[in-house]
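> Below is the sequence, then the predicted model.
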Amino acid sequence: MNQSHIRIAIVDDQRLFRGGLRMILDQQPNFRVVFEAGNGKQFFERLAFEPVDVVILDVEMPVMDGLETLTKLSNDHPDIRTLMLTMHDSDRLINHLMQLGASGFLLKDEEPQVVCQAVEKVANEGVFFRDYVSKALLRSSRSTASNLAADRLLNAKLSERELQVLDLICKEKTSKEIADTLYISIRTVEGHRRSLQEKTGAKNLAGLVLYAVRNGMV
């Protein structure tokens with residue numbers, strides 16, 4: 001991204017947790033915590049006046065929880081990247097959050113350096129997956145075999161170049177790295193990414209990875 005700082009919002013109903021997380025993020029010179037909020041409603045009230053690049057969003061909150069907030073964000077602000085926070089790493093929850101448009105998923109007991117890495121990656125690359133997220137998606141793809149036949153039909157609509165780009169996205173390559181690998185321009189990479197999202201119905205890069213996993217491509 002062009003700006004010098006990654007603008008961050010922390011949305012969690014536990015004030016002490018928000019404060020601790022803010023202290024961790026504030027230590028990074030390229031991070032700027034723009035504001036904190038105790039629920040989704042407060043978040044959208046602040047967002048109207050203070051734009052952000054990344055939202056660290058708790059799943060369980062009063063008034064307006066993380067699921068409702070994520071859904072509205074995906075629909076109204078698709079350019080904002082969302083990292084979901086939760087105490088639970090159930091396969092069902094992870095899959096649901098990815099389908100709603102989350103850019104990544106973090107447990108609340110992650111190490112501080114993992115949180116910083118996650119913010120950096122979703123801001124600059126659009127997606128962040130921990131091992132347990134990838135495993136949850138794979139287990140889900142095996143348990144929903146009936147859906148794969150319908151999903152595979154979409155593969156016929158993907159060009160060879162789009163499949164190459166999708167493969168590199170799943171390997172967490174940046175647009176520049178994809179462009180260098182395939183000897184094409186970054187603008188062309190972005191065009192392929194938009195086309196992939198339109199053809200697969202994915203809301204963001206995480207959705208493209210989810211699509212690839214469900215089709216047995218990774």
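That came through, no problem.

> How is this structure divided into domains?
What automatic domain parsing lists as the domains of the chain is 6-138, 146-214.

> Any chance of JSON lines for the ones you listed, columns mean pLDDT?
Below are the domains of the chain laid out as JSON lines (pLDDT from 0 to 100):
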{"stretch": "domain 6-138", "mean pLDDT": "87"}
{"stretch": "domain 146-214", "mean pLDDT": "78"}
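
> Including mean neighbour count, could those domains go into CSV?
For glycine as for every other residue, the C-beta is placed from the backbone atoms N, C-alpha and C. Shown next, in CSV, are the domains of the chain (neighbours: other Cβ atoms under 10 Å):
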stretch, mean neighbour count
domain 6-138, 18
domain 146-214, 17
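
> give me every residue that touches residue 118.
83, 104, 106, 110, 128 (Cβ atoms under 8 Å, 6 or more residues apart in numbering).

> Now do the residue of the chain most remote from its centre against residue 208, distance only.
Each residue of the chain has a distance to the centre, and by Cα atoms, centre = their mean the biggest one is for residue 183: 26.7 Å. The gap separating residue 183 from residue 208 is 22 Å, by Cβ to Cβ, to the nearest Å.

> Kindly report the same for residue 88.
Distance from residue 88 to residue 208, by Cβ to Cβ: 25 Å.

> again, but for residue 63
Here the criterion is Cβ to Cβ. By it, residue 63 lies 32 Å from residue 208.

> where do the helices sit along the protein?
15-26, 40-47, 66-76, 91-100, 112-125, 131-143, 145-152, 160-170, 175-182, 186-200, 205-214 (DSSP state H).

> okay, these in CSV with distance to residue 33 next?
Formatted as CSV, the helices of the chain follow (distance: least, Cβ to Cβ, whole Å):
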stretch, distance to residue 33
helix 15-26, 5
helix 40-47, 12
helix 66-76, 18
helix 91-100, 22
helix 112-125, 10
helix 131-143, 24
helix 145-152, 39
helix 160-170, 28
helix 175-182, 26
helix 186-200, 28
helix 205-214, 23
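
> and of the ones you listed, who's closest to residue 4?
Closest to residue 4 of the helices of the chain is helix 112-125 (Cβ to Cβ; 12.2 Å).
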